[in-house]
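In: Would you be able to build a 3D model of this:
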Amino acid sequence: MKTFIANLPKAELHLHIEGSFEPELMFKIAQRNHIKIPYNSVSAIEEAYKFNCLQDFLNIYYQGAGVLVTEQDFYDLTYSYLQKCADQNVRHTEIMFDPQTHTDRGVAFETVINGISNACEDAKTKLNVSSLLIMSYLRHLSEDAAFKTLKQSLPFKDKIKAIGLDSSEKGNPPSKFKNVFEASVKEGYIPLAHAGEEGAADYVWEAIDLLGIKRIDHGNNALQDEKLVQEIIQRDIALTVCPLSNTALRVVDDLKNHPLKKMMDLGLKVTVNSDDPAYFGGQVNKNYEAIQEALNLSKNDLYQLAKNSFQYSLSEENKKQEYLNELDIFYNNNK
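Out: Numbering: from 1, shown residues only. As a prediction, this is how the structure comes out:
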């Protein structure tokens, strides 16, 4: 199964670029920028990458992001992740980035977007990995702050495909961002949002009804509401599920109890993703391997998950078809 997963063509639809920051690269960039961090070695950073909840993780996540200052830093961070995509047969990836994490500490929006997008362009030609960018609003901040970020993004609209909503979910419902999502859609951005990771099913309802999202990031708690499950199926909205993230943040206590297979059996369109791989124990293939072993998924299950990842990506239709054809050829030769 590990060989099958390693060679399986796939897309990754739920990845925070700041969450792909490996300890070694963080340490290197901190030294390059003469920024002091409270860790005197790579192993000390690795030891800190252990949490009990979403907030514990976010505390170190923002601390790590604080060493990113120059365009080169954002380029190096992004290209490092894209190299891992190439190594894992990830043919396409949709990268979330958090501008406010950087602009709030004085880094220009332009610096962030150019560093990330230049790495994506290089990876397309050098690594044969396609990508697009999702600009996420931080939900623990105000809607006014999100509007400011929207305005900053407009000169770079050609580099951004979609908007997202991430950070601390509890107490920050999707309804808080209704107006900025409407304005973002008017500017041509596709709406996506985290919902139902720590928040209850009503957060998912708000995300699909008030924000009009085209894909649900996480969505575990949608299973609390049978009517909601049927609504998601009827609207043909996919879920970007992150197994290792869910166990790291105690969203599920054990992968053997993960709802992914139940979701599939109910008819929900599920994809497997790494979320913040540097912090949560593994890249996308490790997530496939872990959930396959925990739930005894078949090759057909894995094929369906990979198929969903291409079908529910934001790629152009002709590119989707190209990837799906490649996947079908692989699967038919490796059943």
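
In: how long is stretch 147-159 from one end to the other?
Out: 18 Å (Cα to Cα, to the nearest Å).

In: Flag every buried residue along it.
Out: Across stretch 147-159, burial judged by 16 or more other Cβ atoms under 10 Å covers 147-150, 152-153, 156, 159. Bear in mind the C-beta positions are built from the backbone N, C-alpha and C, glycine included.

In: Could you single out the nearest of those residues to E24?
Out: K159 (27.9 Å; Cβ to Cβ).

In: Let me know whether that closest one touches M135 as I believe.
Out: No. Between K159 and M135 there is no contact under Cβ atoms under 8 Å: 9.3 Å.

In: who touches T101 in this structure?
Out: Taking Cβ atoms under 8 Å, 6 or more residues apart in numbering, we find T101 in contact with 18, 62, 65, 138.

In: Helix or strand: which one has it?
Out: Using DSSP states H and E, T101 falls within helix 99-103.

In: Report all helices and strands that the very next helix or strand once past that helix contacts.
Out: Downstream of helix 99-103, the first helix or strand assigned by DSSP H and E is helix 109-126. In terms of contacts (3 or more Cβ pairs under 8 Å, 6 or more residues apart in numbering; DSSP states H and E), helix 109-126 is packed against helix 71-87, strand 90-97, helix 99-103, strand 130-138, helix 143-153.

In: Let's test this: name the helix or strand in the protein with the lowest mean pLDDT.
Out: Every helix and strand of the chain was ranked by mean pLDDT, DSSP states H and E. The lowest is helix 54-65, at a mean of 80.

In: Buried residues of that one, list them for me.
Out: In helix 54-65, counting by 16+ other Cβ under 10 Å, buried: 54, 57-58, 60-62, 64-65.

In: tell me which of the contacts of T101 is nearest to P243?
Out: Distance to P243, by Cβ to Cβ, is smallest for E18 among the contacts of T101, at 20.1 Å.

In: contacting residues around the closest one?
Out: The neighbours of E18, taking Cβ under 8 Å, 6+ apart as the test, are 61, 64-65, 68, 77, 97-98, 101, 276.

In: next one: L327
Out: 8-10, 303, 306-307, 310.

In: ok, now C242?
Out: With Cβ under 8 Å, 6+ apart, C242 has these contacts: 14, 218, 272-275, 280, 287.

In: In helices, which of the residues you listed fall?
Out: Within the contacts of C242, residues falling in helices by DSSP state H are 280, 287.

In: Derive a PyMOL selection command for the buried subset of the contacts of C242.
Out: To isolate the buried ones among these in PyMOL, judged by 16+ other Cβ under 10 Å, type:
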select buried, resi 14+218+272+273+274+275+280+287
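
In: Go through the contacts of C242 and name the one with the lowest pLDDT.
Out: Among these, F280 carries the weakest pLDDT, at 89.

In: And stretch 317-331, how far out from the chain middle?
Out: On the basis of Cα atoms, centre = their mean, to the nearest Å, stretch 317-331 sits 22 Å off its chain's mean C-alpha point.

In: mind putting the buried residues of helix 54-65 in CSV, distance to N332 included?
Out: As requested, those are exported to CSV (distance: Cβ to Cβ, whole Å):
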residue, distance to N332
L54, 41
F57, 40
L58, 43
I60, 44
Y61, 41
Y62, 45
G64, 43
A65, 43
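
In: got the contact list for the residue nearest to Q224 when sequence neighbours are not counted?
Out: Leaving aside its chain neighbours, Q224 sits nearest to A201 (4.2 Å; criterion: Cβ to Cβ, 6 or more residues apart in numbering). Contacts here follow Cβ under 8 Å, 6+ apart; on that basis A201 touches 221-225, 228.

In: With that, I have no additional questions.
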